[in-house]
Every structure is written in C-alpha cells, then in structure tokens.
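J.: Below are the sequence and a predicted model for it; my questions follow.
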Amino acid sequence: MADSGETGGEHEQENASASPSPASTTPLTRPYSGGTLKYKLIHEGDIQVCHLNHARTVISKILSSKFLRRWEPHHLVLAESLIYSTTVIGHVSRPCNEKPTGFMECPIPYSSIEDVYIVSRWDAGQKFCVRILLPTGSVLLQASNIYLRDQWLHSIQWKRTINKYKKLLRNTKKPEVLIREIKSLIEMTISTHVQDEDVYQVPLEIVSDILSQNTDVLNSVAHENVIVALAPLLENNQPSPEICAFFSKHCKNSPRSNVVIEMFTPVVQRILKHNMDFGKYPRMRMFVQDYILALNFKSEGISVVKDFVQRMHGPASTCPHPRVLPNLVSVCLASVYSYFEDRDRCNTRDGSRGISLRGIRMEGLLVEEETEIKDEELMMCFVTILKYMAEYDDWLPNLASLLQPIPFPKEALVHEKFTVHLKFVVRRFAEDNRCEVHTAVCGVRDGKDGWFNIYCPGGLACDDDGELFSLMMRRLVSCCCKRKRFLQMVARKLLGPCMLMALRRDSVMMEVLCTLLEMELLDNHDDRLQVITTLESTPEGRKMYADLCERQIALKELSKGGPKTLSLPPKSTDADVHQLLNSGSFGNLECLNLAFTHVTSACADTIIRLPNLKYLNLWSTNFGDSGLQLISEHLLKLQVLNLCETPVTDAGLNCLTQIKSLRRLNLNSTQLSALTFVKLKSQLPSLEECDVRYTDAW
C-alpha cells in the first residue's frame, strides 16, 4: 500500500499509526512533540495539501517524487464524519454554490482513512507534514511549524476515533461488549493530547444516546460498571439529561449501593456548585433529589444527609460557592411541592393519601426489608435539609431572602409536622441581628402575608400560643429599618393578636400597644379605647400606660412654643441633647445646629419630637444610618440637611427620598454612591442644591 521510492520509506516503525482500534485503550501509540503537550481541537483551518497516488508504474513513481510534487492551499473542515475543503483553486474566495476543486475535490470520510501519521524525516527541510493514508493513495498536509503539524495530527486522530466509536457503540447490543467499549472510549478521552470542551462533551453525548437506547438491556451490575466508567468524565463536566435519568434510576433501585456515595457524590457536588438554572435542566434536579433520598435510606439515616450539607458548605465560616445554597433550596422546594400536589391529586381521585413523592418508591429497599416507607417521611427529609442550612450564619441572609415570599402551598402551612420543623428556620431568622435577615419574616410587600403573619396567634401555623410571634415582634420593633411603616401594618392587620397576648401579660405586646398610642397610629377611636382597656387590665399594662400619659403631657408642653433657633456647643453628647430638649418648650423650633458635637444616631429619638424642624446641621458628627432612617420617617417638613463628614452610607441616604420638602442637602465627604445620588435627584422634586464633593458621585 505504501508508495515506492522516497515515499515508500516514510511509514517507519517510529512513526507507526497513532489511530487505535475502537476497543483500544490508548488513542496514540506514543507521544509526539514532548508527549505532555496539549493541543486545541481544530475544527477548520488553512493548510497546504498534496495528493499522492500509489506508485504502481515507473511513470507514477517519477510523478510522485519530491521534485514534481505540487502543493495547493486549502481551507479544510474537520466535520463529524469526514474531511472536506471549501476552497476553489484559482479563486481568492470560494464562489457561491461552487464545489471545491483540486486535490480535495472529493471529501475524505474518516471510515476510509487507513492510517494517520507524521512524516518526521522531512522536518529538517522545514516541511512539517502529516500523511493521511487512503486505499487509493495518500494526502499530505504541510503545516508551518511542528506544533501546528501535531495539532492537525491529533485533531484528525480524535475525530476519526470518535467516528469509529459512534458506529461501533450504536451497533452493539451485548451488555459486556457495550461496557467494554464505553470504558475504552472514556480512557481514550482522558489520555488524548487534544484539549477542548468537545473532547469531554462528545463522549458524554455518545454514552447518553447509547444509554437511552439500551435502558432495558443493562442489569444492576452493568449499571454500576457504566457509572464507574463515567466518573472521570464527570469530574469537570455536567451530566446530560439522559445520564441524569440513568443515575436517578440507580438511586431508586439500589439506594444502599456504594456507588451512590463513592461515584455520585462528586457529580452532585459539581452540579450544586455550578448549576445556574434547574428550570432548564429538570432531570438534573430530579437526580440530585433522588441522590439525597438514597442517602436518607442509608443505615445512618438523616445523619448522612446532614454530613452531606456540611460538606457542601465547607469547613470555613463562609461557603466559597455562592450557587450551593439556591440550588439546594430549589431541590427542597420542588420536593415539598411535588409531595403536596401529588397528595391532593390522589385525594381528588380516590380519597387515598398513600401516594409517592414524585413517583419515588425505593423498590429495592422495599423488597429487601419488606417495609413500606411513608411518603411524608421522604418529604420531611427535605424540610430537615432547610433546618440544616439555617444553622450556618453566612447562609442566613440568602436563605431568608429565598423564603421571604412564602414559597410553599397552603396545604404545607397547615401540615403539623412541616410547620413544626420549619419553625426552627423562622426562629433563626427572628433571632439574627442583621436587618436583612430578621426583616425577611415580614411579607415581601403590602397585602402579602409573611412568616410573621403565619405564626401569629390564630395564624395558619401557630401552635405555641404566640411565643415565636412575640420573639419576631421584639426583634422587629427594635429594628431601625422602617419601624413606623411596620407599626402601621401591625395596627392595620395584627391589632387583635397583639391585644390578646397583652391580656396574657406579654411585655413585648404591651410595649407595642403603648407605642401605637404614642405615635398616634390608631385612627379609629374605638380601637384606641380598646387598647387602653387592654393595657389597664393588667398591673404591668397599667404602669406602662401611666408612664405614657406622663410623656404625653410633656409632649404637649413641648409643642406650645419656644425659640425658633438652637445651637449646641461642641462636644455636646446625646444625653445633653435629650436633657436640653426635654427641659423646656421647643414646639416652635425650626433650626437646630449640632455641628461638631459628639452626638450619634441615639439622639434621633429626641430630635423627631420637634414637629416644625426645617433646618438640621449634623456636620462632623457621628450621626449614622439608623438615625437617618428615623428622622426620614418623622421630620417630613425638613428643608435643609447638612450631613457633611458623617458616617452615613447608601443604606441611610436612600431613606431621604421620603422627605419630599428637602431643598438643600450637603453630602460632602460621605459614602454616597453615584447610583444613590441619581435616585435622590429623581425622587426629591424640591431639591435645588446638593453638595457631593469628595464622594463617589463627584
């Protein structure tokens, strides 16, 4: 088959074929160009081409000699099943609808290639060639350097080998042969010199097609063998939907198999760390769900699941993978929804409550132990995972945000075991000091109930006489974020439960009722009388109401008159402000200058009692976001505000949009951002002047 003369000795042993048989475990007979180099897979490119016919006569030998060889420039495409050219010889670019001409007039199917190898004896002459041996002759490809030559060699070899595996695996029906060839394909993929995402994805696609066609052919042993073979490919690649379905089947049929932990755990960990949208890949989510259920059926039970959640978080105080939490929450929510939807569907059909979670029945376990597993326990496994996730402080803000618009059906909220387990999660939210966490127990918007409403006395999930409700109320009332708006919601929606718990001597609710009276948030006269009666019905309530009445008298005196301008000397403190403003009548005060004093946000409680204040100077004080949030709710007549050189940030400055009367604002040398500055300008219609020097908005 080799050419005679000079071409006849090119195919030497040292350059033997690098193309394996389909069952071979090595894609190349030896490494080229250093052996450890990796080459990007070529799909198409420009290269010099020469065609040699097999030398059968003296004339053909002469025509094939190196002196008479003719090289043509071609743009070659390494397609899925063949090599073809897009070049028309004699044209700069290929004319539309014209076929290629020259040596590559006819494409080269990979199935017709007998061998591909390097012609290394020509390297000294700077002719870096790859020879493609065909039944009728040879095609020489000449590159400009050694690296490019080897890149073409390995790319053609890989494409040719993959083409052979596709044909072989699709025509194989015997399980033992199928497994052997799959192993060989994967070993070839791992050891190839080509480096490209297709190198791993194409074999996975081939195996996916084969598994979908041979689902019923493979027994449990064959299942495990295929899974073990696939493991190396899945270390850095996501499984296809077909492979996920194949893995799910194994989890359901053999939940106690060692394969579940040894082989599936790295795959599931990668999915949870890198998946961006389970909505696009529902089979992937179902596989993770089945994997967790299989862990739950281990002899150690739910402790194995807890260890899994711990490994997903990692040993550090902060989880390094931001996608883990939302992906785990997505799996848990989908499982809970599936359980209640299937239960309702079954109840509607025949009144039976014995349905399976998304059709999951661990049949292998049922046969082995002859035990019927309640579907409710399967669902509770995922609720328990939510509890485990709530134990990590760094996960709490995002977990609270994901669960703030209550994502469970009403049937779940009246399910006793479900709400008892979920109470731990809600309690963790309420006990956290961070505003973004504990405020998540409220509804995401007006008219939408939150956990605060669900666990109030008389609510869907309340089973503790309001103990959790009182805890949430204590945290929210003391929170600096939108306190007045929160109390308005309480007065409008939850006045009854608050009075009920105040009658039961809950001190938090008594304080809330007094605050509602003091801030005049009860518009209805009968409601005010009922709240007063409730407070006077207990000794503690009577004392709180008496103290409130004394404060109200002082407030009335405060509003009678007094000076219009007041300046406090430097180094004045919050206590000095409180003592001064409570010592006389300042109802007419319009201008308050606290510049260069030592006041903090704590003095805001006193300042908001000045109903006519229009000018407030806080230059170079420690007045911060919490104080700014408070005055933004109460000092709605404020026209001039000086916050120069104060520690306020966007969190507090955003609240200034509530003071529509602001005309002049000094934010010089603060932590104002450009985005917040734009928001302030757009939402403060009266704003005439705003100093933003030495800020990010400058």
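T.: Arrived safely. Source: prediction; values computed, not measured.
J.: List the contacts of the residue nearest in space to the middle of the chain.
T.: Centroid check for the chain by C-alpha atoms, centre = their mean gives Arg323 as the closest residue, at 3.2 Å. Counting by C-beta atoms under 8 Å, 6 or more residues apart in numbering, Arg323 makes contact with Leu272, Lys273, His274, Asn275, Met276. C-betas here are computed from N, CA, C, even on glycine.
J.: need the residues you listed in JSON lines with pLDDT, secondary structure and distance to Ile146, can you?
T.: Converted to JSON lines, these look like this (pLDDT from 0 to 100; DSSP: H, G, I helix; E, B strand; the rest coil; distance: C-beta to C-beta, whole Å):
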{"residue": "Leu272", "pLDDT": "93", "secondary structure": "helix", "distance to Ile146": "43"}
{"residue": "Lys273", "pLDDT": "92", "secondary structure": "helix", "distance to Ile146": "39"}
{"residue": "His274", "pLDDT": "90", "secondary structure": "helix", "distance to Ile146": "37"}
{"residue": "Asn275", "pLDDT": "88", "secondary structure": "coil", "distance to Ile146": "41"}
{"residue": "Met276", "pLDDT": "87", "secondary structure": "coil", "distance to Ile146": "40"}
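J.: filter those to the buried ones?
T.: For the contacts of Arg323, a burial check counting by 16 or more other C-beta atoms under 10 Å picks out Leu272, Asn275.
J.: The contacts of Arg323 into a markdown table, with extra columns for distance to Tyr147?
T.: As requested, those are arranged in a markdown table below (distance: C-beta to C-beta, whole Å):
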| residue | distance to Tyr147 |
| --- | --- |
| Leu272 | 39 |
| Lys273 | 35 |
| His274 | 32 |
| Asn275 | 36 |
| Met276 | 35 |
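J.: helices or strands next to the longest helix along the chain in the packing?
T.: Ranked by residue count and defined by DSSP state H, the top helix of the chain is helix 324-350. Under the contact criterion of 3 or more C-beta pairs under 8 Å, 6 or more residues apart in numbering; DSSP states H and E, helix 324-350 touches helix 265-274, helix 282-296, helix 302-313, helix 375-389, helix 396-403, helix 410-413.
J.: for this protein, what are the low-confidence residue spans?
T.: 1-36, 54-69, 90-98, 122-126, 214-220, 346-374, 480-482, 554-561, 583-584 (pLDDT under 70).
J.: Could you look up the SS state of Leu616?
T.: strand (DSSP: H, G, I helix; E, B strand; the rest coil).
J.: The closest residue to Asn53 other than its chain neighbours pairs with what?
T.: Distances taken as C-beta to C-beta, 6 or more residues apart in numbering put Gly137 closest to Asn53, at 4.4 Å, once the chain neighbours are dropped. Gly137 forms beta bridges with Asn53, Leu134, as assigned by DSSP bridges.
J.: Next one: Gly137 from Lys164, what distance?
T.: From Gly137 across to Lys164, the span is 21 Å (C-beta to C-beta, to the nearest Å).
J.: returning to what we had before: give me whichever of the helices and strands packed on helix 324-350 is most buried.
T.: Comparing these by mean neighbour count (mean count of other C-beta atoms under 10 Å), helix 282-296 comes out on top with a mean of 23.
J.: Report the angle between it and helix 302-313.
T.: Helix 282-296 runs at 130 degrees relative to helix 302-313, counting by axes from the mean of the first three to the mean of the last three C-alpha atoms, to 10 degrees.
J.: and helix 282-296, what does it pack onto?
T.: helix 241-253, helix 265-274, helix 302-313, helix 324-350, helix 375-389.
J.: Dump the ones you listed to CSV, plus distance to Trp395.
T.: As requested, those are exported to CSV (distance: least, C-beta to C-beta, whole Å):
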stretch, distance to Trp395
helix 241-253, 26
helix 265-274, 13
helix 302-313, 7
helix 324-350, 5
helix 375-389, 5
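J.: residue contacts, Glu235?
T.: So Glu235 contacts Pro266, Arg270 (C-beta under 8 Å, 6+ apart).
J.: I should have written Leu618 there, sorry.
T.: Leu594, Ala595, Val599, Leu641, Asn642, Leu643, Thr646.
J.: how near is the third one to Asp605?
T.: Here Val599 is placed at a distance of 12 Å from Asp605 (C-beta to C-beta).
J.: Show me which of these two is the more surrounded one.
T.: When Val599 and Asp605 are compared for neighbours, Val599 comes out ahead with 25 against 15, by other C-beta atoms under 10 Å.
J.: can you pick the most crowded of the contacts of Leu618?
T.: Neighbour max across these (other C-beta under 10 Å) = Leu643, 27 neighbours.
J.: Roughly how far does that residue sit from Asn666?
T.: Relative to Asn666, and taking C-beta to C-beta, Leu643 is found at 6 Å.
J.: and for the two, which residues touch both?
T.: Common neighbours of Leu643 and Asn666 (C-beta under 8 Å, 6+ apart) are Trp619.
J.: Now the nearest residue to His274 once chain neighbours are set aside: phi and psi?
T.: Counting by C-beta to C-beta, 6+ apart, His274 lies nearest to Arg323, which is 6.4 Å off, once chain neighbours are set aside. Torsion angles at Arg323 (phi, psi; degrees, to the nearest 10) stand at phi -80, psi -10.
J.: Val437 and Ala400 touch, don't they?
T.: Yes. With contact defined as C-beta atoms under 8 Å, Val437 counts as touching Ala400 (4.8 Å).
J.: Appreciated, that's everything.
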